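**Q** Give the three-dimensional model of this entry:
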Amino acid sequence: MTGTRADVCCVALAECFRGDGEIVANPIGTLPRIGGLLARRSFEPDLVMTDGEAMFTGSTGVVEAWNPYRSMFDVVWSGRRHVIMGGSQFDPHGNHNFAAIGDMKRPKAQLLGFRGAPGNTVNNVTSYWVPNHGPRVFVAHVDVVTGVGYDRAASAGAAASRFHELRNIVTNLAVLDFDTPDRRMRLKSVHPGVSVDDVVAATGFELVIPAEVGESRLPTEDELLLIAELDPDGTRFQEVPA
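**A** Next comes the predicted model:
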């Protein structure tokens, strides 16, 4: 049992939370949610997740605390949260857009809006999930900045950079990070069956490419069983076909 590309993506998303300990894990979307639950059920049992309404739940899914809306803001502002969001555009320093394509005053396409992206990225560890890695997603300049990248956080000073950390961008092709001196996007690993050239061709700017690029790890047999338990209907395959 080696798993599918979707399973590899779920594991890569789970790995985003490795070492986080007791914080609020807030993975948004189908595969991020599976990844967050997988991390909590395996190597990060202290992660706390919300039930999507007003409760915190622990590693077994048992309600552990009431989480009214006003209390959630206290968690967000204090940096005790790791959120995984989606995105429509990213630039080399991790600036993010899911508000609109084109001029914001007369957009070609209206998307989600700013939502909580500015506050999330300034106050919390942030990772991203991109199911369709392509040059229209990874662009030299985003049309609208919703999520704050490393260059903008640095220029804004301590208030914007105190808790700011962009950890990983997991896509259907690879895992990207910003572990470079100038905080430019780097190719961390490629998924099985994907080459470095495939990722380079699907990216609209020059990635930092290490001398050796590893392969994203395969799920263990125990992880495959957990993924099947967490997603018995196979909804993960709607985003990343088997």
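**Q** Output the below-cut-off pLDDT ranges for the chain.
**A** Filtered on pLDDT under 70, the chain yields the residue ranges 1, 51-56, 58-64, 66-67, 242.
**Q** what ranges do the helices span in it?
**A** Assigned by DSSP state H, the helices in the chain fall at 5-15, 30-41, 69-77, 117-123, 150-156, 158-161, 196-201, 221-230.
**Q** Can you give the distance of the shortest one from its chain's centre?
**A** Think helix 158-161. Here helix 158-161 is found 21 Å from its chain centre; the criterion is CA atoms, centre = their mean, to the nearest Å.
**Q** List the buried residues in that helix.
**A** 160-161 (16 or more other CB atoms under 10 Å). All C-beta spots, glycine's among them, are computed from the backbone N, C-alpha and C.
**Q** packing partners for it?
**A** helix 150-156 (3 or more CB pairs under 8 Å, 6 or more residues apart in numbering; DSSP states H and E).
**Q** what does the first one give?
**A** With contacts defined as 3+ CB pairs under 8 Å, 6+ apart, helix 5-15 has these neighbours: helix 30-41, strand 125-130, strand 165-171, helix 221-230.
**Q** With the third one instead?
**A** If contacts are counted by 3+ CB pairs under 8 Å, 6+ apart, helix 69-77 sits against helix 117-123.
**Q** picking up where we left off before, next, format the helices and strands packed on helix 5-15 as JSON lines and append mean neighbour count and distance to residue 2.
**A** As requested, the helices and strands packed on helix 5-15 are exported to JSON lines (neighbours: other CB atoms under 10 Å; distance: least, CB to CB, whole Å):
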{"stretch": "helix 30-41", "mean neighbour count": "24", "distance to residue 2": "16"}
{"stretch": "strand 125-130", "mean neighbour count": "24", "distance to residue 2": "22"}
{"stretch": "strand 165-171", "mean neighbour count": "24", "distance to residue 2": "18"}
{"stretch": "helix 221-230", "mean neighbour count": "16", "distance to residue 2": "9"}
